[in-house]
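**Q** Make a model of this:
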Amino acid sequence: MAAFEIFRIIHIIAGFLALLVFWIPIVTKKGGKAHVRVGWVYVLSMAAVAVSALYMGVWRIGFDPARTPNSISFAWFLIYISLLSSATAWYGMRVLRFKKRVSAHRNPWDILFPGLLFVSSFFIGGYGFQIDSPLLTWFPLVGAFLGGVQLTYWLRPPVTKMHWFFQHMSGMMGCCIATITAFTVFGAPRLLHLDSVNPLIWFFPTIVIVPVIAGMSAYYRKKFAKAPLSLSK
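**A** Predicted coordinates for the structure are as follows:
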């Protein structure tokens, strides 16, 4: 079996696993056993998705003898989704590692991922504009925003006691955006045998999840203000 097929199978299995479990950490008790254990299942699944997507995207662009302009544009989106999902998942985990910090944080790896996400968003957006692809033109704005937020968080001292909690939540929910968007772009049309999908469907995960992040942040800010939880310890 060719290496591409192996990575494709890994990508499909890991992607469906991530889709099956991503909602569990959202609805379960934060810091509880289910949240932590299923959260790790999701993170490891997304790591497999990101690595396999990167390989397939690079292969399509550089080595596929049957490549077409359309397959190349989707390959670039695959690579970008790989970066978006890995950067947000990495960020979501690393903020927990340094939740007690009181000053700016400049670990090269923690700066590299959001930096790449932020810069690449403009290159991919420009490429999308050049080839007249609404998905590649506008979706990278999500990555640019998330990358900018992450860089700002690391490079400034924390200003709130529970800063790490909210950044962990936004990082992992940002990863969920990448997970569901990839499915709506690649998986759903193939499962439903559709030749094309309305571009608005591609942005549906972002439109839905961003208000959810805002709502959850408001809820927990109010909850922590009334009765600080053991999570802050």
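**Q** how deep is the closest residue to residue 69 other than its chain neighbours tucked in, by neighbour count?
**A** Counting by C-beta to C-beta, 6 or more residues apart in numbering, residue 131 is the residue found nearest to residue 69 once chain neighbours are left out, at 7.3 Å. To be clear about C-beta, it is placed using only N, CA and C from the backbone, and glycine gets the same treatment. By other C-beta atoms under 10 Å, the residues close to residue 131 number 13.
**Q** cool, and the one 5 residues further on?
**A** Here the number of neighbours of residue 136 (other C-beta under 10 Å) works out to 21.
**Q** Where does it fall, secondary structure wise?
**A** helix 134-138 (DSSP states H and E).
**Q** to the chain's geometric centre, what's the distance from that helix?
**A** Counting by C-alpha atoms, centre = their mean, to the nearest Å, helix 134-138 is centred 17 Å from the centre of its parent chain.
**Q** tell me what that helix is packed against?
**A** Where contact means 3 or more C-beta pairs under 8 Å, 6 or more residues apart in numbering; DSSP states H and E, helix 134-138 is packed against helix 69-97, helix 108-130, helix 199-202.
**Q** Apply 6 Å and report the result again.
**A** For helix 134-138, the packing partners by 3 or more C-beta pairs under 6 Å, 6 or more residues apart in numbering; DSSP states H and E come out as helix 108-130.
**Q** May I have the strand or helix carrying residue 177 as CSV, with CA atoms only?
**A** According to DSSP H and E, residue 177 maps onto helix 163-182. Extracted in CSV, the C-alpha atoms of helix 163-182 (Å, rounded to 0.1, in the frame of the first residue of the first chain):
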residue,chain,number,x,y,z
HIS,A,163,-6.5,33.7,32.2
TRP,A,164,-5.3,30.2,31.4
PHE,A,165,-8.8,28.7,31.7
PHE,A,166,-10.3,31.0,29.1
GLN,A,167,-7.3,30.7,26.8
HIS,A,168,-7.4,26.9,27.0
MET,A,169,-11.1,27.0,26.2
SER,A,170,-10.7,29.3,23.2
GLY,A,171,-7.7,27.3,21.9
MET,A,172,-9.5,24.0,22.0
MET,A,173,-12.7,25.5,20.6
GLY,A,174,-10.6,27.0,17.8
CYS,A,175,-9.3,23.5,17.1
CYS,A,176,-13.0,22.4,16.9
ILE,A,177,-13.6,25.0,14.2
ALA,A,178,-10.8,23.5,12.2
THR,A,179,-12.1,19.9,12.8
ILE,A,180,-15.7,20.7,11.7
THR,A,181,-14.7,23.0,8.8
ALA,A,182,-12.5,20.3,7.4
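**Q** Cool, thanks, signing off.
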